[in-house]
Structures are given as structure tokens and as C-alpha cells.
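Student: output the structure for:
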Amino acid sequence: MTSTAQAPQPGARTAHPDHLGHVIFIAAAAAMGGFLFGYDSSVINGAVEAIRSRYDVGSAALAQVIAIALIGCAIGAATAGRIADRIGRIRCMQIAAVLFTLSAVGSALPFALWDLAFWRVIGGFAIGMASVIGPAYIAEVAPPAHRGRLGSFQQAAIVIGIAISQLVNWGLLNAAGGDQRGKLMGLEAWQVMLGVMVVPAVLYGLLSFAIPESPRFLLSVGKRERAREILAEVEGKDIDLNARVAEIEHAMKSEHKSTFKDLLGGGFFFKPIVWVGIGLSVFQQFVGINVAFYYSSTLWQSVGVDPTDSFLYSFTTSIINIVGTVIAMIFVDRVGRKPLALIGSVGMVVGLALEAWAFSYDLVGGKLPATQGWVALIAAHVFVLFFALSWGVVVWVFLGEMFPNRIRAAALGVAAAAQWIANWAITASFPSLADWNLSGTYVIYTVFAALSIPFVLKFVKETKGKTLEEMG
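Tutor: As a prediction, this is how the structure comes out:
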């Protein structure tokens, strides 16, 4: 937004910082929260079967331990904004780093199943905080001319975190002789897998001391001189700092604090546009994407794949996830959000349907027949690729752009909450559904992927090339 009383100099939008490398470092340091988000979300993949064995629990109880972190995620995401507004973005990052560290240590050294579940919730709270604070901080610190590219650091960090967690798990499993409960450093291998996250968590905490506070927060607490210094540091000394400060202050004063009440109206409780946002969030999760990151090792072992190979396949899936995310970043502004979502939906239907077909065959000698095994493996990678190049990125872009200004913050909060709840539903139900019928489970995911096509065609409007003000 631009102040009507004192507009910024025309060069503010295109000004470049004196040291772009320093700004990139600041964004990358903040995005470490995204790395931990991805790492902590998927590292449990390597421990699922070991936890089942160690505590002798059934699929339903096991699923609750895996999924309970998502309850923490929802709470962390819901409260992070208010915490950051009260004590600052940097302090919020430091709290998240401490929680990530405690979660890693506690998860590595549990004395009971409920104890492990507790530390999973603590880690989930940190994930929720990181999911909100990272993008917000980067958007507030990045120079306008570089905001889009620097903002993409968060999503890139998440998918890299997922991949690195799978690579580390695979390496540790090999070191333990292919046994998730094999001994490593006096602990079982799965405990070391969960404990290794201490390293990036501590690094995140240390990096938070090396980057500046958000100018927007500093202005909100009256620290104008420090805000001016940081603006000069990240946007360049050539801009009119007085005008820039005035612009931010005017924008903050004129912002409408949207509330839950603003979302009500129309049919079925919420305004129609809010339901579209909820629908996008639910479809993103109901295609079963997080099964690929929470349970893929277990899935492959259930159809006869060697544990070490199953961990390798989890890693290669994560690499495909990175490739797809890069493709989405390249094309989301060129092709548009809606076409990319439709392309992704069609690709996901094909991949999921092939997986459902492959898993419908009986195991021979404890394994899928060779043809079906290869089809399942390739189809899983196809599914992740098409999800990553479309719904993985596009949904977040849509949610950030599609709502009218007056309800954007509240509507985004409701849509994000719907996403965490849908994520929990899929994560908590998969082990029991897989025990019932693995092929049938993938048929369900295929149906949701297919239903996403008419949903996008009928209800979702393209937001490419439109200003936020044009959204109503």
C-alpha cells in the first residue's frame, strides 16, 4: 500500500540493496525454519515401523502418535502471528528453535509411547510457528524488487528439509545394518534419526541472532531509527527512507484487522469465497500427499521392499518433490495458477490410479509381482511430481491472493486450519485404511484427485496478473 500523504520515491519499488548477498543470507537464515518444518514433518517416516515394534502397538494407536504432531502444528500456526506481533519476529524464531531442539532430544529419548507423543506435539507447535513466521518475516524484510524470489526460499527450504531427512534416515539405517532398531551410538537407529534434528535446530537458533528484526515490527513498537537503519541495509541507501517509513506506517494504520465474523454471510455459514479456500486446502491433503512423506518407508515394506531400499525410494521421492517445486516456481507466473492446478490434478489421477491398480494384486513370496512393483514405484514418483509442480505451490499462492483485502487474514487463517485438520485426517487414517485394503485406500485418493478437476473449473478463479485490490 502507498501512503496518500507521503508517497515513496518511484525508485523504492525497483531499488536494489547495496549488498544483495547479505539480503539473500537474511532470507536464507529465516527460511531455516522452513527447512526444519520439512525435516521434522517427514523424519518420522524412518521410525514408524520401529515404534510399532518397540511399543507393540496396533495401526490405530501408531497413527495417532504420528498424526498428533499436527495438533501442535495447528496451535502453533494459530498463535504465532500474535506472539510475533507482541515480542517480534526474531524472538518468535528463537522460541521455535528451542522447541525444535527440545522435541528432537525428547523424541530421541522417550521412555514411553505417550512421552514420544508429547514431544511430537512440541515439535508440531514449532512447525506451526515456522510455517507462519518465515514467510511473514521474509516478505517484510525483502526489497520489493526481489520479494517474489526471496519469498520462494521458504517453500524451497521445506522440500529440501524433507529430502535431507530421508537421506539422513537412509544413511543411518545403512550404518545400523538395515535394522531400524539396530544399535547406533548406544541408541536404536530410529532414535538417532529423530535426534539428529538437534543439529539444524541449533543452527537455526544461532542464525536468528545474526539477522535483523523486521522494520515493520520495529515501527510498530516505536523504534523508528533502527527501522530506518535496517531499511537502508536491505533496500539500499538510495531510497527516500523518510518516505519509505511513512509508507509502512500508513499501511499499518489503514489495515483492516479482519475477524472471524467478517467471514460469515451467504449460504452455508461462510461466504462462498471462504468455502473455495477451504476446498482448495482440503483437496490438497485428501489426495494423500502426506502419506508419501510420513509412511512411504512403511508402505514399500508392506509390499515386500527391503527396508534399506524403501528408505532409498523415500529419498528419491523427496528429490522428485524438489524438482516439481522448482518447475512450479518457474511456471506459476507464466502459465497461471488455474492451468497448473488442472495439469497437476490430471497427473495425480493417473499416478494414484496406477498405484491403486498395482496394490490390488496379491503378494507373491511376500512381494508384489515384478511388473506391478515397478508400476507402483514409478506411479508414486509421478504422483509426487505432479503434486509438487501444481497443488503443492499453487494452493498457497491462491490462498495468499484470492481473498478480498478486508477478510484476507481471517480467511487465510480458516483455510490454513482446514488444511491442518485435513492433513491430520489423512495421516491418522492411513495405517488403518491400509490394513483394510491398500488398493482401496488409493482408489479413495484417486477419487479426490479426480473431483478436484471440476472443483477448480467451476469455483476457482484465476488470480494471475491481478492486484490484490482487484480481488474485491
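Student: contact partners of stretch 386-393?
Tutor: 155, 159, 283-284, 287, 289, 320-325, 327-329, 331-332, 340-341, 343-348, 350-351, 452 (C-beta atoms under 8 Å, 6 or more residues apart in numbering). The C-beta positions use only the backbone N, C-alpha and C, and glycine is treated the same way.
Student: dihedrals phi and psi, Asp240?
Tutor: Torsion angles at Asp240 (phi, psi; degrees, to the nearest 10) stand at phi -80, psi 100.
Student: walking through the stretch 251-400 of the chain, point out its strands one by one.
Tutor: If DSSP state E, counting those that start in this stretch is used as the criterion, the stretch 251-400 of the chain turns out to lack strands entirely.
Student: where does pLDDT dip in the stretch 201-350 of the chain?
Tutor: Of all residues in the stretch 201-350 of the chain, those with pLDDT under 70 make up the ranges 254-258, 266-268.
Student: same question, the stretch 1-150 of the chain
Tutor: Counting by pLDDT under 70, the stretch 1-150 of the chain contains low-confidence residues at 1-19, 145, 147-148.
Student: still on that earlier bit, from the contacts of stretch 386-393, which land in helices?
Tutor: Judged by DSSP state H, the subset of those located in helices is 155, 159, 283-284, 289, 320-325, 327-329, 331, 340-341, 343-348, 350-351, 452.
Student: which stretches in the stretch 251-400 of the chain count as helices?
Tutor: Chain-ordered helices for the stretch 251-400 of the chain, with DSSP state H, counting those that start in this stretch as the definition, fall at 272-286, 289-294, 296-302, 307-331, 337-359, 370-388, 391-401.
Student: output the contacting helices and strands for the first one.
Tutor: On a contact count with 3 or more C-beta pairs under 8 Å, 6 or more residues apart in numbering; DSSP states H and E, helix 272-286 meets helix 391-401, helix 408-459.
Student: buried residues in that helix?
Tutor: The neighbour-count check on helix 272-286 (16 or more other C-beta atoms under 10 Å) flags 273-286 as buried.
Student: quick one: which of the helices of the stretch 251-400 of the chain is nearest Asp40?
Tutor: When those are compared for distance to Asp40 using C-beta to C-beta, the nearest one is helix 289-294, at 11.2 Å.
Student: what lies in contact with the closest one?
Tutor: Everything outside helix 289-294 that qualifies as a contact, by C-beta under 8 Å, 6+ apart, is 41-42, 44-45, 48, 66, 162, 299, 317-318, 380, 383-384, 387, 391-392, 423, 426-427, 430, 445.
Student: if you set the cut-off to 7 Å instead, what comes out?
Tutor: Counting by C-beta atoms under 7 Å, 6 or more residues apart in numbering, helix 289-294 makes contact with 41-42, 44-45, 66, 162, 317, 380, 384, 387, 423, 426-427, 430, all of which sit outside it.
Student: next: stretch 260-276.
Tutor: Contact partners of stretch 260-276, identified using C-beta under 7 Å, 6+ apart, comprise Met402, Phe403, Arg406, Ile407, Ala410, Ala411, Val414, Phe459, Val460.
Student: neighbours of the second one, how many?
Tutor: Other residues near Phe403 come to 27 when the count uses other C-beta atoms under 10 Å.
Student: helix, strand or coil for it?
Tutor: Using DSSP: H, G, I helix; E, B strand; the rest coil, the three-state assignment for Phe403 comes out as coil.
Student: next one, pLDDT for the closest residue to it other than its chain neighbours please.
Tutor: Of all residues beyond its chain neighbours, the one nearest Phe403 is Ala411 (4.3 Å), with distances taken as C-beta to C-beta, 6 or more residues apart in numbering. Ala411 is assigned a predicted lDDT (pLDDT) of 82.
Student: dump the residue contacts of Ala411.
Tutor: Going by C-beta under 7 Å, 6+ apart, the list of residues near Ala411 reads Leu263, Val274, Gly277, Phe403.
Student: distance to Glu188 added to those, as CSV?
Tutor: Conversion of the contacts of Ala411 to CSV gives the following (distance: C-beta to C-beta, whole Å):
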residue, distance to Glu188
Leu263, 47
Val274, 46
Gly277, 43
Phe403, 47
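Student: tally of neighbours for Arg86?
Tutor: Using other C-beta under 10 Å, Arg86 has 12 other residues around it.
Student: just Ser53 next, same as before
Tutor: Other residues lying near Ser53 total 13 when counted by other C-beta under 10 Å.
Student: next: the one 10 residues further on.
Tutor: A total of 23 residues lie near Ala63 under the criterion other C-beta under 10 Å.
Student: coming back round to it: roughly how far does the residue nearest to Phe403 sit from Val274?
Tutor: 5 Å (C-beta to C-beta, to the nearest Å).
Student: helix 408-459 and the helix or strand encompassing Glu49, what's the angle between them?
Tutor: Here Glu49 is covered by helix 48-55, with elements defined by DSSP states H and E. If you take axes from the mean of the first three to the mean of the last three C-alpha atoms, to 10 degrees, helix 48-55 sits at 120 degrees to helix 408-459.
Student: restricting to C-alpha, output the helix or strand following helix 48-55 in PDB.
Tutor: Per DSSP H and E, helix 48-55 leads on to helix 59-67 as the next helix or strand towards the C-terminus. In PDB, the C-alpha atoms belonging to helix 59-67 read as follows (Å, rounded to 0.1, in the frame of the first residue of the first chain):
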ATOM      1  CA  SER A  59      -2.100 -49.300  13.500                       C
ATOM      2  CA  ALA A  60      -4.700 -47.100  15.100                       C
ATOM      3  CA  ALA A  61      -2.600 -46.200  18.100                       C
ATOM      4  CA  LEU A  62       0.500 -45.800  15.900                       C
ATOM      5  CA  ALA A  63      -1.400 -43.400  13.600                       C
ATOM      6  CA  GLN A  64      -2.300 -41.200  16.500                       C
ATOM      7  CA  VAL A  65       1.300 -40.900  17.600                       C
ATOM      8  CA  ILE A  66       2.400 -40.000  14.000                       C
ATOM      9  CA  ALA A  67      -0.600 -37.600  13.500                       C
END
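Student: could you shift the numbering so residue one becomes 175, and keep it that way?
Tutor: Sounds good: first residue 175 from here, last item helix 233-241.
Student: what are the contacting residues of helix 233-241?
Tutor: Where contact means C-beta under 7 Å, 6+ apart, the residues beyond helix 233-241 that reach it are 218, 222, 225-226, 287, 290-291, 294, 468, 598, 601-606, 609.
Student: can you list the buried residues in it?
Tutor: The neighbour-count check on helix 233-241 (16+ other C-beta under 10 Å) flags Ser233, Leu236, Ala237, Gln238, Val239, Ile240, Ala241 as buried.
Student: mind giving me a markdown table with those residues and columns for distance to Lys357?
Tutor: Converted to a markdown table, those look like this (distance: C-beta to C-beta, whole Å):
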| residue | distance to Lys357 |
| --- | --- |
| Ser233 | 27 |
| Leu236 | 23 |
| Ala237 | 27 |
| Gln238 | 28 |
| Val239 | 23 |
| Ile240 | 24 |
| Ala241 | 29 |
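Student: and which of the residues you listed is nearest to Ala349?
Tutor: Using C-beta to C-beta, Ile240 is the member of the buried residues of helix 233-241 that lies nearest Ala349, at 23.8 Å.
Student: and the closest one, how far from Trp598?
Tutor: Between Ile240 and Trp598 the computed distance is 10 Å (C-beta to C-beta).
Student: list the buried residues for the one helix or strand Phe211 maps to?
Tutor: Take DSSP H and E as the rule and Phe211 turns out to sit in helix 194-216. Going by neighbour count (16+ other C-beta under 10 Å), the buried part of helix 194-216 is 197-198, 200-216.
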